[in-house]
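K.L.:
no sequence for this one, just the structure:
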């Protein structure tokens, strides 16, 4: 009897959310989920301190992140691209979690550790040119733009001044 309710896509989506929330928790930030994803925001991360900065995230996960020189290439649905490229008061970033190809390797749990394999990369698509593509737009994610605690803290500091690059 098969008792699973989640598809592979559902699992990837949830793991991308868990990853981003874990990074935010270690950084000391709070997260919030929108009631509905009508505007391309899957998760908001908020900090305290001056200006009370926040960052909105569009989360994706894939086992097929295409490596090219100093960056990765990712086919983003056109709707998501259009929502991420417009100017907004709260910065919006794309965060893509790279997972191993074998699903059994995504997460390992023991009494000593919980391991979620690989990591996520972020991209700021604000200001990108409009596209005529109907289904997807291939975007670049810098290999150095790792969405980890240090990276998130740096992004939040930039968000305070409105200069996420």
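P.N.:
Now that the structure is in, tell me what you want to look at. Given the structure is predicted, the values throughout are model-derived calculations rather than measurements.

K.L.:
Which helix in this structure has the most residues?
P.N.:
As assigned by DSSP state H, the longest helix anywhere in the chain is helix 8-27.

K.L.:
Next SSE downstream of the worst-scoring helix or strand of the chain on mean pLDDT?
P.N.:
Using mean pLDDT, DSSP states H and E, the weakest-scoring helix or strand in the chain turns out to be strand 114-116, at a mean of 84. Moving toward the C-terminus from strand 114-116, the next helix or strand (DSSP states H and E) is strand 120-123.

K.L.:
list the helices and strands that following strand packs on?
P.N.:
helix 8-27, strand 92-98, strand 136-142 (3 or more CB pairs under 8 Å, 6 or more residues apart in numbering; DSSP states H and E). (C-beta placed from N, C-alpha, C; glycine too.)

K.L.:
Please identify which of the ones you listed is closest to residue 159.
P.N.:
strand 92-98 (9.7 Å; CB to CB).

K.L.:
Strand partners (parallel or antiparallel) of the closest one?
P.N.:
Next to strand 92-98 in the sheet, as set by DSSP bridges, lie strand 54-62 (parallel), strand 120-123 (antiparallel).

K.L.:
out of the ones you listed, nearest to residue 99?
P.N.:
Nearest to residue 99, of the strands paired with strand 92-98 and by CB to CB, is strand 54-62 at 5.8 Å.

K.L.:
just how off-centre is that closest one within its chain?
P.N.:
Here strand 54-62 is found 3 Å from its chain centre; the criterion is CA atoms, centre = their mean, to the nearest Å.

K.L.:
name the helices or strands packed onto the following helix or strand past that strand?
P.N.:
Using DSSP H and E, the helix or strand that follows strand 54-62 towards the C-terminus is strand 66-68. In terms of contacts (3+ CB pairs under 8 Å, 6+ apart), strand 66-68 is packed against strand 71-77.
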